[in-house]
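S.K.: The sequence and its predicted three-dimensional model are supplied below.
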Amino acid sequence: MADSEPWWRKDIRKQIQERDKVQCGYFRDLINNHNKIFESTDAVRSQNVQLTIQVERLKQENLDLQVKVETVGKDGSSGGSGGKAANEKIQSLEHKLFKLQEELTQMHRRKGENAQQLIDVTQKLQETEKDLSTKEEKLNESLITIHALQQEMKNLEESILERETAYQLLKDEHQALQLTCTATEEKLRKLQGDNAELIQRWMELKGKQAELLNFDNELYHQKQHAKMKKDLEEAAKSPVLITPPKPGPRLERAGSQSQSLFCYAAIIPTRAHHKFDAHDGEVNAVKFTVSGRICATGGADRKIKLWEYTNGQLQSKGSLTGSNAGIMCVDFDVQEQHVLGASNDFASRVWSVGDHRLRHTLTGHSGKVLTAKFMGDPYKVVSGSHDRTLKLWDLRSRACTRTIFAGSSCNDLVTSDSAASTIISGHFDKRIRFWDTRSDSSANEITLQGRVTSLDLSPDRTLLLSCTRDDTLKIIDLRMNQVTTTCCCDGFHVGNDYTRAVFSPDGQYVVAGSQDGSVCIWSTNSGMLETRLTKEHSSSVVAVAWHPAGSLVVSCDRAKRTILWS
């Protein structure tokens, strides 16, 4: 049993023995002194008894002598010398009695001192016993604590054993998955090789078909040319009478109500032209229509407000309600009939611009919807959410037609063309991803140095502007998928994960708001700071928008302030 005893129990027993040895050593001398005092007290008591007996004996002898003296005195028969001897003996006995009394007094004094010492020693012994009982209680508490710790250690050992078992199981599963992944990669490489071969063969067939088609087109053009030549020869031989047409009504081409403005050269604003409070709280988004006639703002007060640009100012046109949380992004369709809003209540909504009615509510995300855009077609919408997914919606069926798992929270997105064949999304993990809507995977991705807060396309759709949390704006050439220009300056700081930056209508400038309340404008070609608009905003500027005519810029901040710069 001793050999099977754990090491920690032996160590505890050894520590307790050493502690008892040390603590008992403090009281060993006291106990020895106490025992010696008891022994000396017993000796003094016995000596005192003997002295008392001697005193009583001497008293009796003294009494007897006094009786004899009295008897001698009365009889007068004794001589003078005999009386003198008796007196001397009496004196010696009295002297001896006096000494014995003194010794008795001294013994009583010593007895009192010993009694006091005994009381002191008894008191110290009681205090020592009290300390000893206190330490025994502490020892019992320590033993209880040791027992609890032993039980806890046993539980921890069992937990460690269970986790080691789980770790081994996960390790085995990981190895199995690695083998499966290796086999899948090998299969993928083989399929890619087969795909490349099929594409090569398909391209060869397409080339042959193109040659045949070109040959048929050439024959067709030759026949048409010969027919036209023949018709012209016949027409040249016959006379033709030409009469002027009668005036009639002018025909106009039917089209949509909105007309896109063409900006030849954007003008850099220099002063604040119009200031107002757009919402009851933070203003998160701002957007102009294609014609520039209407501007929409979205705020933390759960509303989208429409503003009409007239006489150099933005006049309130109406308020769109129905959202249950703050609006993070707004967008118009190309016909300016509907406005789209992304909300923090996990949904996106579509309102009519004319009657301000809520038309569609798109629910399905499990996180905040941070961005939503029309996909060229006014009946197709794409949204990006904090739940790391992109969803494509069909407004005709009011259903989600496709869900793309992006792998990271999407802060903003744009579509590369009017057909929305490619969706470009910016994410929290510092990546920009390109999604082909005709396939199920990401076509490409670009990694930046900071979290992507916004994306915007240049008017010619060749440049992509990204705003990142490393306090820079990156301009990416989509033809090369490379960063061509970096825009930054001293004092410019991106204040939020949803700070928006945009191109100017002519694509020559980019504009973004800073955390210190300033609005910075850079040149697209050189990346140099053109101007910095300050002293108007008192808090971080969240969103900016450039009027399609190129002469105005609108900026919004977190203190519900909106400023029109001209």
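M.R.: Arrived safely. Quick caveat, the model's predicted, so the values are computed rather than measured.
S.K.: L413: which element?
M.R.: strand 410-415 (DSSP states H and E).
S.K.: What is the subsequent helix or strand relative to that strand?
M.R.: Proceeding N to C from strand 410-415, the next assigned helix or strand is strand 422-427, under DSSP H and E.
S.K.: Residues contacting that following strand, please?
M.R.: Strand 422-427 is contacted by residues 375, 382, 384, 390, 404, 406-416, 432-437, 443, 451-455, 457, 464, 466 when judged by CB atoms under 8 Å, 6 or more residues apart in numbering. Quick note: C-beta positions are derived from backbone N, CA and C, even for glycine.
S.K.: Spell out for me the ChimeraX command that would select the buried members of the residues you listed.
M.R.: Listed next is the ChimeraX selection for buried residues among the contacts of strand 422-427, using 16 or more other CB atoms under 10 Å:
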select :375,382,384,390,404,406,408,409,410,411,412,413,414,415,416,432,433,434,435,437,451,452,453,454,455,457,464,466
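S.K.: ok, back up a step: pLDDT on the strand holding L413, on average?
M.R.: Here strand 410-415 scores 94 as its mean pLDDT.
S.K.: Who are the packing partners of the helix or strand hosting Q15?
M.R.: Per DSSP H and E, Q15 falls inside helix 7-75. Helix 7-75 is packed against helix 80-237, with contacts defined by 3 or more CB pairs under 8 Å, 6 or more residues apart in numbering; DSSP states H and E.
S.K.: What strands line up against the very next helix or strand once past the helix it packs on, and which way round?
M.R.: Downstream of helix 80-237, the next assigned helix or strand under DSSP H and E is strand 272-277. According to DSSP bridges, strand 272-277 forms sheet pairs with strand 561-565 (antiparallel).
S.K.: and the gap between the closest residue to L314 other than its chain neighbours and R388?
M.R.: In this structure, L314 finds its nearest non-sequential neighbour in W307, 3.9 Å apart by CB to CB, 6 or more residues apart in numbering. Per CB to CB, to the nearest Å, W307 is found 34 Å from R388.
S.K.: More neighbours: those two, which one.
M.R.: Using other CB atoms under 10 Å, the more surrounded residue of W307 and R388 is W307, with 22 against 19.
S.K.: hang on, the more buried one packs against S319?
M.R.: No: counting by CB atoms under 8 Å, W307 does not reach S319; the two are 10.4 Å apart.
S.K.: what stretches of the chain score poorly on pLDDT?
M.R.: Of all residues in the chain, those with pLDDT under 70 make up the ranges 1-4, 69, 72-83, 86, 237-262, 418, 440-443.
S.K.: residue closest to the middle of it?
M.R.: Computing the C-alpha centroid of the chain and ranking residues by CA atoms, centre = their mean puts F428 first, at 13.3 Å.
S.K.: residue contacts, that one?
M.R.: S408, S409, C410, N411, R451, V452, D497.
S.K.: just F346 next, same as before
M.R.: With CB under 8 Å, 6+ apart, F346 has these contacts: T363, H365, S366, G367, K368, V369, S385.
S.K.: same question, K14
M.R.: Going by CB under 8 Å, 6+ apart, the list of residues near K14 is empty.
S.K.: Find the nearest non-adjacent residue to N344, please.
M.R.: Closest to N344 by CB to CB, 6+ apart is A325, at 3.6 Å.
S.K.: wait, isn't that neighbour in contact with D345?
M.R.: Yes: A325 lies in contact with D345 (CB under 8 Å); the separation is 3.8 Å.
S.K.: out of those two, which sits in the busier spot?
M.R.: When neighbours are counted by other CB under 10 Å, D345 comes out ahead of the other of A325 and D345, with 17 against 14.
S.K.: how far away is that one from L564?
M.R.: 30 Å.
S.K.: again with M203
M.R.: Separation of M203 from L564 (CB to CB): 54 Å.
S.K.: ditto for K305
M.R.: According to CB to CB, K305 and L564 sit 14 Å apart.
S.K.: Also K124?
M.R.: The value you get for K124 to L564, if CB to CB is used, is 94 Å.
S.K.: Show me which of the two is the more surrounded one.
M.R.: Set K124 next to L564 and count neighbours by other CB under 10 Å: L564 wins out with 21 against 15.
S.K.: For that one, list the residues it contacts.
M.R.: Here L564 is in contact with A272, H273, H274, K275, G312, Q313, L314, L552, V553, V554 (CB under 8 Å, 6+ apart).
S.K.: Adding distance to K59, write the residues you listed out as a markdown table.
M.R.: Shown next, in a markdown table, are the contacts of L564 (distance: CB to CB, whole Å):
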| residue | distance to K59 |
| --- | --- |
| A272 | 130 |
| H273 | 135 |
| H274 | 134 |
| K275 | 128 |
| G312 | 140 |
| Q313 | 137 |
| L314 | 134 |
| L552 | 138 |
| V553 | 133 |
| V554 | 132 |
